[in-house]
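S.K.: coords below, sequence missing:
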């Protein structure tokens, strides 16, 4: 494996428990270490509440870890300042889960797509518009629709726009938080294909969070399994799915209702994955 | 697209809007609408009851009461508009900043707002006027300050809701500055409830301004205002009731108009009441 591009070292995140908090501290992520090599996709699976989204937001520099260190390209993400931080923002972009709330309902698609370029002072207004048009075409949408508001698009179209927004700054890392889980199965496949194509075209390094094992298997090179904020297992995607080394992973795989998928995993017992192994 | 207005839904807005626009029209064009100057004395005609020449009678100095009520609408509207603006602007800034930054900023700002809230409005107004000095401009500032906590709470609640949306996270992730996120992503999405609140604040401002003038803290005689006209009329209640009735009715109609408009807008914007 080549030098890791994203390196997560002993990262933990506790919520609550502050001086004035009435809640007991809650450990959303505890002591996770993971690394992702350049041009690879790391899938993170786990049931809801397992801390996978929190982990992703810490890599995005949206939630500060309680302890541990996250480096991208050798730079400590949480130590960045000024120009370096701006450069980081251009390099690392998210695709979020919920198509209904991922766009400001008051801005046109064009305005949503050009805003990142404006923030970074890239290009003239005309050049920014051209770039938005180009990307809309790339994700398979009619550029003539760019003056419409987000609510005029379907869920699948919105996720295409979200992918366009994520790559408009020319990032090297794209972090996807359940980008397809709110979509119909048929639309899901199209959006996944688009995501994979764009990833290959642009040579992106990605982390892909999902609770859907089939999706993870389709897009990932390696997979990490999380439960209750801990890393249960990590390895190449086929190894983990065909030969899970952990009870929780086995239960997770056995719980998949898709017969074609489960057939390969008869070893799994019928225990519900939520029950602690 | 056809113009499909649901009148049942908008009837309060239409009714309130009609009164409000009539009052605004009269206030703006007071010099055209008023039959006399509000300052012209007619000593031969003091305390004349309503007649063809003076529709609402004359006051103790022979000035035309209708003209004075009309000119007073100007001051009331001006104070109400500007005080609501002061409350809206500062309240929105304080509330959304508190919501956005959270933690200590939120604590300090909102506790301060609650301190302001805990004073009875009229008492706070009198104290502020005593500190600032009596003038129309100062009554605007004082009333505006009274409105700030209400707008701040509303703005904070609405902003907290918007902050949970993923587009705010996306904006952070592209490196948008805090100011830009507040202006571009948050403000446009919290404006509807604030505008409704502004309409209600407006009617309250008319009442407060009248109260201050009644107490002699707002507009100073001879400048006409509904409050100071009421105060003068109080002394002539027994023999010239029109002196108090005219400004009283003006206050009543204005407050009714703005309250109806505000309630109507609130209902019309409320998605739970869709019929």
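M.R.: Sure, I can see it. Keep in mind that what you see is a predicted model, and the values were worked out from it rather than measured. Numbering: from 1, shown residues only, chains lettered A, B, ... in the order given.

S.K.: what sits against residue B:94?
M.R.: By Cβ atoms under 8 Å, 6 or more residues apart in numbering or on different chains, the residues touching residue B:94 are B:109, B:113, B:148, B:152, B:155. (Glycine included, C-beta is placed from N, CA and C.)

S.K.: again, only this time at 10 Å
M.R.: B:105, B:109, B:110, B:112, B:113, B:148, B:149, B:151, B:152, B:153, B:155, B:156 (Cβ atoms under 10 Å, 6 or more residues apart in numbering or on different chains).

S.K.: Of all pairs in those residues, which one is the farthest apart?
M.R.: B:105 and B:151 (17.3 Å; Cβ to Cβ).

S.K.: So between the two, which is more surrounded?
M.R.: residue B:151 (27 against 14; other Cβ atoms under 10 Å in any protein chain shown).

S.K.: returning to what we had before: drop the exposed ones from the contacts of residue B:94 and show what's left.
M.R.: B:109, B:110, B:113, B:148, B:149, B:151, B:152, B:153, B:155, B:156 (16 or more other Cβ atoms under 10 Å in any protein chain shown).

S.K.: could you pick out which of those are near chain A?
M.R.: Among the buried ones among the contacts of residue B:94, not one lies near chain A by Cβ under 10 Å from any Cβ of the partner chain.

S.K.: of all these, which comes closest to chain A?
M.R.: residue B:110 (13.2 Å; Cβ to the nearest Cβ).

S.K.: Which residue, other than its chain neighbours, is closest to the closest one?
M.R.: residue B:98 (5.5 Å; Cβ to Cβ, 6 or more residues apart in numbering or on different chains).

S.K.: Could you tell me which residues within the helix or strand hosting that neighbour count as buried?
M.R.: Per DSSP states H and E: residue B:98 is located in helix B:65-101. Within helix B:65-101, the residues that count as buried by 16+ other Cβ under 10 Å are B:65-77, B:79-88, B:90-100.

S.K.: And stretch A:40-49, by the same measure?
M.R.: For stretch A:40-49, by 16+ other Cβ under 10 Å, it's A:40, A:41, A:42, A:43, A:44, A:45, A:46.

S.K.: Filter the residues you listed down to the ones in strands?
M.R.: A:41, A:42, A:43, A:44, A:45 (DSSP state E).

S.K.: how close does the nearest residue to the third one once chain neighbours are set aside sit to chain B?
M.R.: Yep, that's residue A:43 we're talking about. For residue A:43, ignoring the flanking residues on the chain, the nearest one in space by Cβ to Cβ, 6+ apart is residue A:220 at 3.1 Å. Separation of residue A:220 from chain B (Cβ to the nearest Cβ, to the nearest Å) stands at 22 Å.

S.K.: Then residue A:226?
M.R.: 20 Å.

S.K.: Does whichever residue of the stretch 51-200 of chain B sits closest to chain A belong to a helix, a strand or coil?
M.R.: Here the residue of the stretch 51-200 of chain B nearest chain A is residue B:175; by Cβ to the nearest Cβ that distance is 3.3 Å. Residue B:175 falls in the coil class when you classify it by DSSP: H, G, I helix; E, B strand; the rest coil.

S.K.: Excluding chain neighbours, give the residue nearest to it in space.
M.R.: residue A:89 (3.3 Å).

S.K.: and the one you found, how many neighbours?
M.R.: By other Cβ under 10 Å, neighbour count at residue A:89 equals 22.

S.K.: hmm, the helix or strand hosting residue B:201 in reach of chain A?
M.R.: Using DSSP H and E, residue B:201 falls within helix B:187-214. Yes - Helix B:187-214 reaches chain A (Cβ under 10 Å from any Cβ) through B:187, B:188, B:189, B:191.

S.K.: Now do the helices in the chain.
M.R.: Looking at chain A here, since you left the chain open. Secondary structure of chain A (DSSP state H): helices located at A:52-59, A:82-91, A:109-119, A:125-138, A:155-167, A:185-202, A:213-219, A:237-242, A:247-254, A:259-262.

S.K.: Chain B was what I was after
M.R.: B:7-28, B:30-33, B:65-101, B:103-118, B:121-132, B:136-163, B:166-173, B:178-180, B:187-214, B:226-234, B:242-269.

S.K.: how about the helices of chain A in JSON lines, adding mean pLDDT?
M.R.: Shown next, in JSON lines, are the helices of chain A (pLDDT from 0 to 100):
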{"stretch": "helix A:52-59", "mean pLDDT": "92"}
{"stretch": "helix A:82-91", "mean pLDDT": "92"}
{"stretch": "helix A:109-119", "mean pLDDT": "95"}
{"stretch": "helix A:125-138", "mean pLDDT": "95"}
{"stretch": "helix A:155-167", "mean pLDDT": "93"}
{"stretch": "helix A:185-202", "mean pLDDT": "92"}
{"stretch": "helix A:213-219", "mean pLDDT": "88"}
{"stretch": "helix A:237-242", "mean pLDDT": "88"}
{"stretch": "helix A:247-254", "mean pLDDT": "84"}
{"stretch": "helix A:259-262", "mean pLDDT": "55"}
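
S.K.: Just want the most central residue of the chain.
M.R.: You didn't pick a chain, so chain A it is. With distances taken as Cα atoms, centre = their mean, the residue of chain A nearest its centroid is residue A:176 (1.9 Å).

S.K.: The intended chain is chain B.
M.R.: residue B:202 (2.0 Å).

S.K.: How about the contacts made by that one?
M.R.: Residue B:202 neighbours (Cβ under 10 Å, 6+ apart): B:20, B:77, B:80-81, B:83-85, B:87-88, B:147, B:254-255, B:257-259, B:261-262.

S.K.: Please repeat the previous calculation with a cut-off of 7 Å.
M.R.: For residue B:202, the contact set (Cβ atoms under 7 Å, 6 or more residues apart in numbering or on different chains) comprises B:80, B:84, B:258.

S.K.: ditto for residue A:27
M.R.: Residue A:27 sits in contact with A:12, A:14, A:229, where contact means Cβ under 7 Å, 6+ apart.

S.K.: same deal with residue A:40?
M.R.: For residue A:40, counting by Cβ under 7 Å, 6+ apart, the contacting residues are A:205, A:221, A:222.

S.K.: tell me which of those residues is nearest to chain B?
M.R.: Nearest member of the contacts of residue A:40 to chain B, counting by Cβ to the nearest Cβ, is residue A:205, at 16.0 Å.
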